[in-house]
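K.L.:
I need the structure of the sequence given here:
(2 chains)
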Amino acid sequence: MNGPVALSVEDLTFSYGGKKALNGVNFKIRTGECTLLLGPNGAGKSTLFSLITRLYDTRDGHIELCGFDVKQQTRKALANLGIVFQQTTLDMDLTILQNLHYHAALHGMGGKFAKQRIQEELERLSLYERRGEKVRQLNGGHKRRVEIARALLHKPALLLLDEPTVGLDMPSRQAIVEYVHQLASSKQLAVLWASHLIDEVYPDDHVIVLHKGQVKANGTVDGVLKATGTVHIKDAFYSLTQGERA
Amino acid sequence: MNIIHFWRALWGIVGRELWRFVTQRERFISALVRPLVWLFVFAAGFRAALGLAIAPPYETYILYEVYITPGLCGMIQLFNGMQSSLSMVYDREMGSMRILLVCPLPRWFLLLSKLLAGTGVSVLQVYVFLAIAWFYDIQAPWQGYLWLLPALILSGLMLGALGLLLSSFIKQLENFAGVMNFVIFPMFFMSTALYPLWKLKESSVLLHNLAQYNPFSQAVELVRFALYGQFNQYAFIYTLTAFVIFMTVAVIGYNPSRGMMIKKVGT
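P.N.:
Prediction:
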């Protein structure tokens, strides 16, 4: 809980035309924390991710990534960010290795260092032996693993995951949930995980509940349970979102 | 500013595009079939119908096939530019564009790298096309093939930048058919690719004017003159200016603070 702040979001408001997608959002994420961002469809999770990654412009409010303003110091901020998007963003016609080398090049990593980092990350996910296979041949769970390996390649301080387990079978889902939780604690990484699956929340996690563009709860699982007078995070979520499904 | 980072990223983007092109045989073949059909079928059929006067850069009477060869080089680059734009829209819809846009490099540089990659592919296609045309007895002086390279790079960049600009406006892949109808075909047919300007003037002054100010015409003329070892200054300046304008608008289009990106994705 005492790690340095990896992501700071202050008074963030964003509208599509006249419709507010985010309204005065505030939160901080610290290194070593795994934060689950829970919210029903349309809560503003994807908008928030698009603003953090600078795909959208921050007009009202302030986002800092490792102390760098995303709007003013975009490149320094993005250098500290690893991201796994909801949709697969791998090139299906390239091999695992080619996809990872492409990412390494975009982050300015040299050949030898890139090779070493790719090996480390793929070995950790038991995919090194399959590095020469085309991504198209992998199942959904393995594609997700490759994307996580890719997101970690340049050693980011913050890992963003936008519903990475959608469409995966139970064993693949569990493996990824377990792996990411391990990463947060062992690699001193800050993780922000958008999810709509309550069972992906671990007791030690930090939870942010986003509903209709507003933060309804922000704290540890215990803290959120106490504040809502519930015994299970699922009930807390329902009470905070007035019964809407995540 | 870390130059090595820029260099590595540039090679990463260009290398990926070239690799994809080389491994996608269907794309390679279809990119060649289109101009070859025009050359072997259309041009052969029209040879008798169209009489061409001697005009620079040609010093003698030429066959119609010879005349349209630079136009077909332009056609390859025009379609390639649009294909790149199509793939940008597709990448954006599928999400892979995001990986490029969230890497720690300026957006103008990423777009320029994409453009260079697409241009590299189109230059390769043109040279393969010209090699086939050589065996069909359409032969330019050998120096022309060297002068052609910078001309092709500039025209490829200009047409690619146009594609990039269009891709920043196109919200969905389905709208791409409109680009074919409203951009590619008018640009190609209202140009000097298939008939010289003076020939157009004989039938319509309006068409002549449209073709004259069509940047694609100037790109074709730049290529035509370069292929015969000559430098067409007007075409060069016109093409370069068009490239700068298209690229600037495309970069603005992809700028999250100003452009159309904000309208692209919902919550």
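K.L.:
List the buried residues of the longest helix seen in chain A.
P.N.:
If you go by DSSP state H, chain A has its longest helix at helix A:170-186. By 16 or more other C-beta atoms under 10 Å in any protein chain shown, the buried positions in helix A:170-186 come out as A:172-173, A:175-177, A:180-181, A:183-184. Quick note: C-beta positions are derived from backbone N, CA and C, even for glycine.
K.L.:
Equivalent analysis for stretch B:28-42, please.
P.N.:
Buried residues in stretch B:28-42 (16+ other C-beta under 10 Å): B:28, B:31-32, B:35, B:38-39, B:42.
K.L.:
and for that stretch, what are the contacting residues?
P.N.:
Stretch B:28-42 is contacted from outside by B:21-22, B:65, B:68-69, B:72-73, B:75-76, B:79-80, B:83, B:125, B:128-129, B:132-133, B:136, B:138, using C-beta atoms under 8 Å, 6 or more residues apart in numbering or on different chains.
K.L.:
Let's see that with 6 Å instead.
P.N.:
B:72, B:75-76, B:125, B:129 (C-beta atoms under 6 Å, 6 or more residues apart in numbering or on different chains).
K.L.:
Which residue ranges make up the domains of chain A?
P.N.:
Using automatic domain parsing, the domains assigned to chain A come out as A:1-80+A:159-246, A:87-155.
K.L.:
model confidence over the shortest one, on average?
P.N.:
Taken as a whole, domain A:87-155 carries a mean pLDDT of 91.
K.L.:
does any part of it sit near chain B?
P.N.:
Yes - counting by C-beta under 6 Å from any C-beta of the partner chain, contacts between domain A:87-155 and chain B involve A:87, A:89, A:102, A:105-106, A:108.
K.L.:
now do the first one
P.N.:
Yes - counting by C-beta under 6 Å from any C-beta, chain B has neighbours in domain A:1-80+A:159-246: A:21, A:42, A:44, A:46-47, A:53, A:56-57, A:75, A:78-79.
K.L.:
In TSV, list those residues along with neighbour count.
P.N.:
TSV is the format used below for the residues of domain A:1-80+A:159-246 next to chain B (neighbours: other C-beta atoms under 10 Å in any protein chain shown):
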residue	neighbour count
A:Ala21	23
A:Gly42	15
A:Gly44	24
A:Ser46	22
A:Thr47	25
A:Thr53	23
A:Tyr56	22
A:Asp57	17
A:Arg75	15
A:Leu78	22
A:Ala79	21
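K.L.:
could these go into JSON lines alongside pLDDT and secondary structure?
P.N.:
Shown next, in JSON lines, are the residues of domain A:1-80+A:159-246 next to chain B (pLDDT from 0 to 100; DSSP: H, G, I helix; E, B strand; the rest coil):
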{"residue": "A:Ala21", "pLDDT": "89", "secondary structure": "strand"}
{"residue": "A:Gly42", "pLDDT": "83", "secondary structure": "coil"}
{"residue": "A:Gly44", "pLDDT": "89", "secondary structure": "coil"}
{"residue": "A:Ser46", "pLDDT": "86", "secondary structure": "helix"}
{"residue": "A:Thr47", "pLDDT": "90", "secondary structure": "helix"}
{"residue": "A:Thr53", "pLDDT": "90", "secondary structure": "coil"}
{"residue": "A:Tyr56", "pLDDT": "85", "secondary structure": "coil"}
{"residue": "A:Asp57", "pLDDT": "84", "secondary structure": "coil"}
{"residue": "A:Arg75", "pLDDT": "90", "secondary structure": "helix"}
{"residue": "A:Leu78", "pLDDT": "93", "secondary structure": "helix"}
{"residue": "A:Ala79", "pLDDT": "92", "secondary structure": "helix"}
